[in-house]
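> sequence and predicted structure below; questions after.
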Amino acid sequence: MNLFTDIRELVLASINAMQAEGALPTDLNLAPVTVEPPRDAAHGDMATNAAMVLAKPAKQKPRDIAEALAAKLVEDDRIASADVAGPGFLNLRLATSIWQGVPKAILTSGTDFGRSSMGHGKKVNVEYVSANPTGPMHVGHARGAIVGDAMASLLDFAGYDVTREYYINDGGAQVDVLARSVYLRYLEAHGQEVEFVDGTYPGDYLVPVGQALKDKVGDAYLNQPEDVWLADVRVYATDAMMELIRADLKALGVEMDHFFSEKALYGTGKIEAAIDSLRDKDLIYRGVLEPPKGKKPEDWEPREQTLFKSTEHGDDVDRPIQKSDGAWTYFAPDIAYHYDKVERGFDLLIDIFGADHGGYVKRMKAAVSALSGGTVPLDIKLIQLVKLFKNGEPFKMSKRAGTFITLRDLVDMVGADVARFHMLTRKSDAALDFDFDKVVEQSSENPVFYVQYAHSRICSVLRNAAEQGVATDDATLAAVDQTNLHPAEIALIAKLADWPRQVEIAARVHEPHRIATYLQELASDLHGHYNRGNKETELRFLQDDSNVTLTKIALARAVAVVISAGLGILGVTPATEMR
């Protein structure tokens with residue numbers, strides 16, 4: 001049930017009728033026609049821009065179209081009134097009977113209410129986290145993991161076939177550094193004193209890895225040159241770090257469908273195949289790049305390289321994929337990885353990148369456009385920094401990691417539910433303040449608490465109703481007569497009716513934070529309605545008449561169902577009581 005979709009279809013049908021009568025041209029593009037809530041709720045329940053967007057192509061005045069369209073719309077029993085406003089906007093009020101059916105639809109569908117088929121089963125790959133397997137993930141990774149996971153859940157809810165994917169960056173020099181760091185801990189496990197130099201990782205998290213390596217190989221690597229142990233330790237260390245990463249992600253409620261190893265691209269012909277695909281399209285050439293911005297020509301050494309014509313697909317400059325010495329650039333395996341995604345048949349790719357990868361966006365989009373012939377869109381979402389505070393002061397140190405707060409620290413300190421919801425209260429490309437004290441305080445200023453309290457408050461109402469002998473199961477509540485609704489109750493139902501539309505908007509623009517925003521607004525409406533009942537007894541959920549109580553707790557339960565559905569998308573467990 002999506003009332004906004006239903007009424008838009010009614011508007012389109014009315015326009016089609018006007019076209020059949022000759023009142024409008026038949027060749028109009030109706031795609032821009034929308035039905036949305038009006039800016040001011042006092043103006044009506046819904047508003048359509050139909051007359052405004054059709055006036056110019058129809059060569060008619062907007063008000064003339066709006067008045068004729070209004071006359072058509074009020075012929076339908078669902079429309080109580082249709083009023084022309086301003087230059088030609090059309091404000092609609094729905095019949096009360098339409099609102100009466102919303103709680104029943106919610107209680108009948110349960111948390112599936114609002115699910116959409118807009119995705120039509122299209123295959124979507126959402127790649128997120130993809131942290132270097134060199135140590136524990138930090139809070140920045142946590143935000144990316146949460147955004148990516150909620151994005152995947154949102155798209156699934158909207159009818160897409162979603163694959164959650166982690167790209168293991170295990171093909172670069174940083175994994176050699178990890179192996180050397182583990183080797184130092186291995187030596188330490190044998191009682192030797194070690195010194196962490198040359199950028200090696202000093203965090204305590206490698207102590208058990210070094211000990212486990214000792215337990216496995218004994219003294220086989222002691223006093224041996226690097227070429228004897230490096231390759232083996234590299235694999236061992238990477239596997240150990242990925243096991244740690246998987247466990248930390250699981251603690252946050254994140255589980256991937258697929259892990260893809262960068263290392264699998266090397267020596268397998270996959271990079272070469274991707275580059276050959278671009279070469280077949282005449283997009284690879286030998287050339288010399290201009291000096292980067294800010295570099296003077298005399299400070300720039302021009303060298304011939306193998307370049308990708310990324311400018312032909314929207315990039316600012318062509319990009320090197322192979323150095324003058326024949327080695328691949330960092331960009332080459334990324335091209336190959338995305339080529340693999342395209343070859344796997346995905347219809348849409350979404351990458352969640354850290355803000356420091358902003359300069360990578362255009363070249364990566366150009367690569368996917370070229371590899372897919374423009375048929376597979378790539379959307380890249382940047383994750384801005386998280387600023388940590390405790391007691392009002394910046395909070396940075398983790399003893400375990402050595403230099404930062406880890407993802408596991410975050411979960412241990414506030415819990416996965418609090419971390420997930422708070423990380424989704426802002427758009428991903430906006431910086432986020434995370435105060436360890438404020439995110440757990442029980443106040444209306446804390447959005448996590450505010451939404452959870454709304455759900456638990458309804459659960460309390462239902463428990464009290466059950467104690468009075470009132471049936472509170474969804475089947476009974478769905479069958480309740482909703483004919484005697486107070487205007488305040490209709491306003492709350494209208495907010496519930498907007499849920500399916502909000503799901504589709506959030507899914508269309510790939511912004512899961514919109515779900516958190518909607519839940520905060522719904523919680524505010526619920527709390528306001530509840531508090532209003534302190535003065536207006538007819539609004540209280542529990543009444544002396546059990547039949548009236550059923551009507552009112554059916555509405556309350558419908559609110560709880562929608563909150564639960566929204567929290568489910570965000571990966572947050574609804575609270576049934578607050579402590």
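Yes, it's here. None of the values given here were measured: they were computed from a predicted structure.
> quick one: the residue nearest the centre of the chain and L477, what's the gap?
What sits nearest the mean C-alpha location of the chain, by Cα atoms, centre = their mean, is M151, with 2.6 Å. Taken as Cβ to Cβ, to the nearest Å, the spacing of M151 relative to L477 amounts to 33 Å. Just so you know, the C-beta spots here come from the backbone N, C-alpha and C atoms, and that holds for glycine as well.
> count of neighbours near G218?
10 (other Cβ atoms under 10 Å).
> can you check L462 too?
For L462, using other Cβ under 10 Å, the count is 21.
> nearest residue to it other than its sequence neighbours?
Of all residues not flanking L462 in the chain, T472 sits nearest, at 4.7 Å (Cβ to Cβ, 6 or more residues apart in numbering).
> and V461, what does it touch?
F541, L542, I553, A556 (Cβ atoms under 8 Å, 6 or more residues apart in numbering).
> ok, then the element right after the helix or strand containing W229?
Using DSSP states H and E, W229 maps to helix 226-251. As assigned by DSSP H and E, the chain's next helix or strand after helix 226-251 is strand 258-261.
> now do that following strand: distance to the chain's middle.
Centroid separation between strand 258-261 and its chain, computed with Cα atoms, centre = their mean, to the nearest Å, is 20 Å.
> list the buried residues for stretch 378-394?
By neighbour count on 16 or more other Cβ atoms under 10 Å, the buried set for stretch 378-394 is L378, D379, I380, K381, L382, I383, Q384, V386, L388.
> how close does the fifth one sit to L407?
L382 sits 19 Å away from L407 when distances are taken as Cβ to Cβ.
> isn't Y160 up against K122?
Yes - using Cβ atoms under 8 Å, Y160 is in contact with K122, at 5.5 Å.
> neighbour count for those two, which is higher?
Y160 (23 against 14).
> so what's the residue nearest to the centre of the chain up against?
Here M151 is in contact with V126, Y128, I350, I352, K381, H510, P512 (Cβ under 8 Å, 6+ apart).
> one more: G88?
A51, M52, A55, K61, P62, R63, I65, A66.
> which among those residues end up buried?
Buried among the contacts of G88 by 16+ other Cβ under 10 Å: A51, M52, A55, P62, R63, I65, A66.
> after the helix or strand of the chain with the lowest mean pLDDT comes which helix or strand?
In the chain, no helix or strand scores lower on mean pLDDT, DSSP states H and E than strand 393-394, which sits at a mean of 86. Next along the chain after strand 393-394, taking DSSP H and E as the criterion, comes helix 407-414.
> how far does that following helix sit from its chain's centre?
21 Å.
> and it, what other elements does it pack with?
helix 139-157, helix 226-251 (3 or more Cβ pairs under 8 Å, 6 or more residues apart in numbering; DSSP states H and E).
> mind listing the strands for the stretch 201-350 of the chain?
258-261, 284-288, 304-308, 319-322, 348-354 (DSSP state E, counting those that start in this stretch).
> tell me the strands beside the second one, with direction?
The sheet places strand 284-288 alongside strand 304-308 (antiparallel), with pairing taken from DSSP bridges.
> show me what counts as buried in the strand it pairs with.
Buried, per 16+ other Cβ under 10 Å, within strand 304-308: Q305, T306, L307, F308.
> what's next to that strand, contact-wise?
278, 283-289, 318-324, 331, 335, 366-367, 370.
> kindly report the same for stretch 249-260.
Against stretch 249-260 from outside (Cβ under 8 Å, 6+ apart): 129, 137, 142, 145-146, 148-149, 163-168, 242, 246, 337, 340, 407-408, 410-411, 416, 419-420, 571.
> show me what contacts the residue lying closest to G345 once chain neighbours are set aside?
The spatial neighbour of G345 that comes closest, neighbours along the chain excluded (Cβ to Cβ, 6+ apart), is K123 at 6.1 Å. K123 is in contact with Y160, D161, T163, G345, F346, D347, L348, counting by Cβ under 8 Å, 6+ apart.
> give me the buried entries from those residues.
Looks like those have Y160, T163, F346, D347, L348 buried, using 16+ other Cβ under 10 Å.
> I'd like those as JSON lines, with distance to A220 and pLDDT appended.
Converted to JSON lines, the buried ones among the contacts of K123 look like this (distance: Cβ to Cβ, whole Å; pLDDT from 0 to 100):
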{"residue": "Y160", "distance to A220": "50", "pLDDT": "98"}
{"residue": "T163", "distance to A220": "40", "pLDDT": "98"}
{"residue": "F346", "distance to A220": "44", "pLDDT": "98"}
{"residue": "D347", "distance to A220": "50", "pLDDT": "98"}
{"residue": "L348", "distance to A220": "48", "pLDDT": "98"}
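> TSV for those residues, including distance to D27?
Formatted as TSV, the buried ones among the contacts of K123 follow (distance: Cβ to Cβ, whole Å):
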residue	distance to D27
Y160	33
T163	41
F346	35
D347	30
L348	31
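> wait, which of these is closest to L94?
Set against L94, the nearest of the buried ones among the contacts of K123 by Cβ to Cβ is Y160 (30.1 Å).
> tell me who's in contact with that closest one.
G119, G121, K122, K123, V124, L348, A507.
> so what's the second one up against?
In this case it means G121. So G121 contacts G159, Y160, D161 (Cβ under 8 Å, 6+ apart).
> could you pull up phi and psi at the residue of the chain most remote from its centre?
When distances to the mean C-alpha position of the chain are computed (Cα atoms, centre = their mean), the maximum falls on N223, with 49.7 Å. In terms of degrees, to the nearest 10, the main-chain angles of N223 are phi 60, psi 30.
> and the helices in the stretch 401-550 of the chain, which stretches?
Along the stretch 401-550 of the chain, the segments classed as helices by DSSP state H, counting those that start in this stretch run 407-414, 416-423, 447-467, 474-478, 487-497, 499-509, 513-532, 546-570.
> need the winner for burial among these.
Highest mean neighbour count of the helices of the stretch 401-550 of the chain: helix 416-423, a mean of 24 (counted as mean count of other Cβ atoms under 10 Å).
> extract the CA atoms of that helix and return them as CSV.
The C-alpha coordinates for helix 416-423 follow below in CSV (Å, rounded to 0.1, in the frame of the first residue of the first chain):
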residue,chain,number,x,y,z
ALA,A,416,25.9,-1.9,18.3
ASP,A,417,22.4,-0.5,18.2
VAL,A,418,23.4,2.9,19.5
ALA,A,419,26.5,3.1,17.3
ARG,A,420,24.5,2.1,14.2
PHE,A,421,21.6,4.6,14.7
HIS,A,422,23.7,7.5,15.6
MET,A,423,26.1,7.0,12.7
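> many thanks, I have nothing further to ask.
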